[in-house]
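Undergrad: this is a predicted model, with the sequence first.
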Amino acid sequence: MKRILIPFLSVACLVLMWNGYSQHADSKTDLFHYKHSVVGNNSAVTNIVKELAHHQELRQIALQTKQTPYGMHLTYKDIETENIEQEIKETVLFNATYLFVLVDNVERITFTFPDYKYTVTRDQLDHWYGQPLSTIKQEQEVKQLLQHQLKSETKINQFFADLS
């Protein structure tokens with residue numbers, strides 16, 4: 001019986017892992033399905049955030065929809081990495097970029113980590129990129145923009161210096 005059970009369980013585990021990976025990979029390519037979402041659509045916002053950097057450490061999403069400017073507050077647990085401050089800065093920029101591209105009426109996003117808190121506005125990020133993020137139509141454009149800006153630690157640090 002053990003001889004049959006162990007291989008069966010091994011195959012079952014592999015199938016489940018592959019299925020989970022496939023669903024995650026498929027949903028990643030479908031992120032622009034949420035283009036033109038609004039802060040008031042909490043399921044769309046939640047689905048977007050679940051695909052972004054460090055979504056595993058996300059503890060809470062709070063949407064500010066009662067009065068303009070509309071915003072959101074994302075609270076994270078500790079991130080395990082060597083250079084925590086730089087990783088958090090890159091996560092904030094990456095996640096804020098996608099959210100400002102995909103969610104039309106969000107004007108500010110607050111990111112709270114155990115030892116760090118940053119609030120980023122749409123205007124600040126548009127200025128940093130030198131273009132309005134709302135005009136981006138395809139995920140490839142976002143990836144190129146992020147790749148260009150996030151390769152420079154100096155640019156990243158300058159953005160956060162300007163937030164203060």
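TA: Done, it's in.
Undergrad: what strand or helix carries Asp162?
TA: helix 153-163 (DSSP states H and E).
Undergrad: how about Leu52?
TA: Judged by DSSP H and E, Leu52 forms part of no helix or strand.
Undergrad: so what's the nearest residue to Trp128 once chain neighbours are set aside up against?
TA: Nearest non-adjacent residue to Trp128, counting by CB to CB, 6 or more residues apart in numbering: Phe159, 5.2 Å away. Bear in mind the C-beta positions are built from the backbone N, C-alpha and C, glycine included. Residues near Phe159 by CB atoms under 8 Å, 6 or more residues apart in numbering: 89, 93, 124, 128.
Undergrad: please redo it, this time with the cut-off set to 10 Å
TA: The neighbours of Phe159, taking CB atoms under 10 Å, 6 or more residues apart in numbering as the test, are 89, 92-93, 118, 120, 124-125, 127-129, 149.
Undergrad: please report how far the residue nearest to Glu90 when sequence neighbours are not counted lies from Phe32.
TA: In space, and not counting its chain neighbours, Glu90 is closest to Leu150: 5.8 Å by CB to CB, 6+ apart. Look at Leu150 and Phe32: by CB to CB, to the nearest Å, they are 20 Å apart.
Undergrad: what segments of the chain are helices?
TA: 2-29, 42-49, 84-102, 122-129, 139-150, 153-163 (DSSP state H).
Undergrad: what angle do helix 84-102 and the second one make with each other?
TA: Meaning helix 42-49. 130 degrees (axes from the mean of the first three to the mean of the last three CA atoms, to 10 degrees).
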